[in-house]
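Q: Generate coordinates for the sequence data below:
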Amino acid sequence: MGISNRMRGIPASPIRKLTPYANEAKKRGIKVYHINIGQPDIKTPPDALKKVKNFNKEVLKYSQSDGIFDLKKSMTDYFNNLHYNINPKNIIVTNGGSEAIYFSFMVSMDTKDEVLIPEPYYANYNGFAKMADVNVKPIETNVENGFKLPSYEKLESYISGKTKAILMCSPNNPTGTVHEKGDYKKIAKLAQKYDLTVIGDEVYNEFVYDNAEHVSVMEFEEIKDRTILIDSVSKRYSACGARIGAFITKNKNYIDAVMSLAQARLCPPTLEQVLAAELYRTDRTYIKNAKNEYRKRRDIVYEELNKIDGIVAHKPSGAFYTVVKLPIDDTEKFAKWLLTDFEENKETVMVAPASGFYASDNRGKNEIRIAYILEEKNMRRSIQLLKKAIEVYNN
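A: Okay, the predicted model is just below:
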C-alpha cells in the first residue's frame, strides 16, 4: 500500500535526518559532538522531578482537556510576573509547544490561507502547516544584517488576499535574533490594517543576552484580541521530554474553538503536567544561572567562529542557536561528509544544514545552524573541529 499525497508533502526534519550517519560513526568508535539539535544539557530543576517521584495516585486518570488547574494557575503566575495580565481561562495546555503551533494555524486560517514567517525559521512549522493545510509565505532575512526584519513597506508587500496570520519567533530558532519593539509595532500595525492574527512563539523568552530585551506579542494592547502566545517548558527548564506547552490568548472565540481540538485529543499527559506545574514555580536563580551558562557558550562559539576564514556569522542576542554562512557550496553534503568521512583524533561534529530552515528555493544551501548546548570545553572543541573540517573539505 502507498501513502497519502498529504504525507508526501511533509518534509523530514533537517535536525534529525542525518542521525543514522551519526550512529554509524559512533559504531566506528568516533566521538560525535552534537551541535545539530537544541537538547540542553543543563539539569532539569530537581524539585520538579521530585514532584513526579512523589506522585501517589492509585489511578493515572485523564486530566481536563485544557489542562489541570494547578498547572494553569502556575503558568498564570509566571506570566503575570512578566506583566502579561492573563488568567487561567486564557490558557489551553498542549502536548508541547508543537501542538500549540498546530492549534494556532487551525484556529486562525482556513484551507490554503497563508501565514507570514521570517525565514529562516523553525523547520517543523512546515509540517504543522501541511497538517493544517495552510501555506507558509516566507519573509526574507539575511545573516549579513543579523536576520533583522525588513521595513514596514517591504513587510506589507508580502501580504496578499490569502494572508491571515503572521508568526514571530523571538528569541529566534534557528538564528538567535531578538526582534525589537519597533519590529513588533510594525507587525501590530499590519495586523490591524489587514485583519491578521499575530502568533508569538516565545519559548526562548528568558534567554536574551547583552543589551537585548525580549518583547512579547502580549505587550500590545491594541492587538490583544488577535494575539496568540506559544509557550513550552522544553528549553526554559531543560525538560524537552516532558512535552508540555501552552496556547495562550485573550480571544475567547479562539479558546472555545481550540477547546474542540483539545477535547478531540482528550488531554495532555497527567504526570508531565504535575512536573510542569512545579517547573513554572522554579526559583529565578535557576533561570539566571542557565542564561549565564548559555551566554558563556555563545561567546565561545562566536570567538571560535571568527577564527574560520570565509564565514559570515552574527553574534546572536538570544536563544541558544546561530546560523552561519560557510565557504561551502552545499552544506547538506558537507554535514553528511562530517559523519561519514571526516575525523580528527577519532572525533567529529554534527551540524544541521540550514536549507531545511528555509521555504524559498536555494536559500541556506551554504549555511548551517549551530546549537550551543554543550558545556564550554566541548563547545569550543566542536567549533575547532568544524574549522579543521572546512579546511580539509575545501582542499
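Q: And the closest residue to residue 242 other than its chain neighbours, how far from residue 39?
A: Spatially, and ignoring its direct neighbours in sequence, residue 242 is nearest to residue 272 (4.5 Å; Cβ to Cβ, 6 or more residues apart in numbering). (C-beta placed from N, C-alpha, C; glycine too.) In this view, residue 272 and residue 39 are 17 Å apart by Cβ to Cβ, to the nearest Å.
Q: what about those two, which has more around it?
A: residue 272 (22 against 15; other Cβ atoms under 10 Å).
Q: got the contact list for that one?
A: The contact partners of residue 272, by Cβ atoms under 8 Å, 6 or more residues apart in numbering, come to 242-244.
Q: Burial check on residue 161, number of neighbours?
A: As a burial measure, residue 161 scores 8 neighbours (other Cβ under 10 Å).
Q: can you pull out the strands in the stretch 151-300 of the chain?
A: Using DSSP state E, counting those that start in this stretch, the strands of the stretch 151-300 of the chain run over 163-169, 197-201, 227-232, 245-248.
Q: who wins for proximity to residue 330 among those strands?
A: The closest of the strands of the stretch 151-300 of the chain to residue 330 is strand 163-169. By Cβ to Cβ, the value is 26.2 Å.
Q: For the protein, list the residue farthest from the centre, please.
A: residue 58 (36.2 Å; Cα atoms, centre = their mean).
Q: Let me see the confidence value for that residue.
A: The model reports residue 58 with a pLDDT of 95.
Q: try residue 336
A: Looking at residue 336, its pLDDT stands at 97.
Q: can you list contacts of the helix or strand it falls within?
A: Using DSSP states H and E, residue 336 maps to helix 331-340. Outside helix 331-340, the residues that touch it by Cβ under 8 Å, 6+ apart are 18, 21-22, 24-25, 32, 36, 326, 328, 348-355, 364-368, 389, 393.
Q: just to revisit the earlier point, of the contacts of residue 272, which is the most crowded?
A: residue 244 (29 neighbours).
Q: Can you verify my assumption that residue 350 contacts residue 23?
A: No: using Cβ atoms under 8 Å, residue 350 makes no contact with residue 23, being 10.6 Å away.
Q: Burial check on the closest residue to residue 222 other than its chain neighbours, number of neighbours?
A: Spatial nearest neighbour of residue 222, chain neighbours left out: residue 188 (6.1 Å); criterion: Cβ to Cβ, 6+ apart. Using other Cβ under 10 Å, residue 188 has 21 other residues around it.
Q: cool, and residue 341?
A: Counted with other Cβ under 10 Å, residue 341 comes out at 12.
Q: Now it: phi and psi?
A: phi -130, psi -10 (degrees, to the nearest 10).
Q: Ok, residue 91 next?
A: According to degrees, to the nearest 10, residue 91 has phi -120, psi 140.
Q: Can you classify the residue nearest to it when sequence neighbours are not counted as helix, strand or coil?
A: Spatial nearest neighbour of residue 91, chain neighbours left out: residue 72 (4.8 Å); criterion: Cβ to Cβ, 6+ apart. Here residue 72 is recorded as helix under DSSP: H, G, I helix; E, B strand; the rest coil.
Q: And this protein, split by domain according to the record?
A: 5-43+285-393, 46-279 (automatic domain parsing).
Q: before we move on, the earlier item: if you count surrounding residues, which of residue 350 and residue 23 has more?
A: Neighbours per residue (other Cβ under 10 Å) separate residue 350 from residue 23, with residue 350 holding more: 20 against 11.
Q: beta partners for the more buried one?
A: Here residue 350 sits in beta bridges with residue 34, going by DSSP bridges.
Q: ok, it - contacts?
A: 18, 22, 32-36, 335, 338-339.
Q: can you redo these as CSV with neighbour count and distance to residue 228?
A: Below are those laid out as CSV (neighbours: other Cβ atoms under 10 Å; distance: Cβ to Cβ, whole Å):
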residue, neighbour count, distance to residue 228
18, 22, 33
22, 19, 36
32, 20, 38
33, 20, 36
34, 18, 32
35, 25, 31
36, 26, 29
335, 23, 34
338, 28, 38
339, 24, 38
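Q: quick one: residue 45 and residue 286 touch, right?
A: Yes: Residue 45 lies in contact with residue 286 (Cβ under 8 Å); the separation is 5.7 Å.
Q: Mind listing the shared neighbours of these two?
A: When contacts are counted by Cβ under 8 Å, 6+ apart, residue 45 and residue 286 are jointly contacted by residue 237.
Q: and among the strands of the stretch 151-300 of the chain, the most buried is which?
A: Stretch with highest mean neighbour count among the strands of the stretch 151-300 of the chain: strand 245-248 (a mean of 28; mean count of other Cβ atoms under 10 Å).
Q: Check which helices and strands it is in contact with.
A: Contacts defined by 3 or more Cβ pairs under 8 Å, 6 or more residues apart in numbering; DSSP states H and E place strand 245-248 against helix 69-80, strand 91-94, helix 96-108, strand 227-232.
Q: Keeping just the C-alphas, turn the first one into CSV.
A: Just to be clear, that refers to helix 69-80. Only the C-alpha atoms of helix 69-80 are listed here, as CSV (Å, rounded to 0.1, in the frame of the first residue of the first chain):
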residue,chain,number,x,y,z
PHE,A,69,-5.9,23.8,37.1
ASP,A,70,-2.8,23.7,39.2
LEU,A,71,-0.6,24.0,36.1
LYS,A,72,-2.7,26.7,34.5
LYS,A,73,-2.5,28.7,37.8
SER,A,74,1.3,28.2,37.9
MET,A,75,1.5,29.4,34.3
THR,A,76,-0.7,32.4,35.1
ASP,A,77,1.5,33.4,38.0
TYR,A,78,4.7,33.1,35.9
PHE,A,79,3.4,35.2,33.1
ASN,A,80,1.8,37.8,35.3
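Q: ok now that helix, how far from the chain's centre?
A: 22 Å (Cα atoms, centre = their mean, to the nearest Å).
Q: ok, for the most centrally placed residue in the chain, nearest residue in space, not its chain neighbours?
A: Centroid-nearest residue in the chain, with Cα atoms, centre = their mean: residue 173, separated by 4.5 Å. Once flanking residues are discounted, residue 173 sits nearest to residue 122: 4.9 Å by Cβ to Cβ, 6+ apart.
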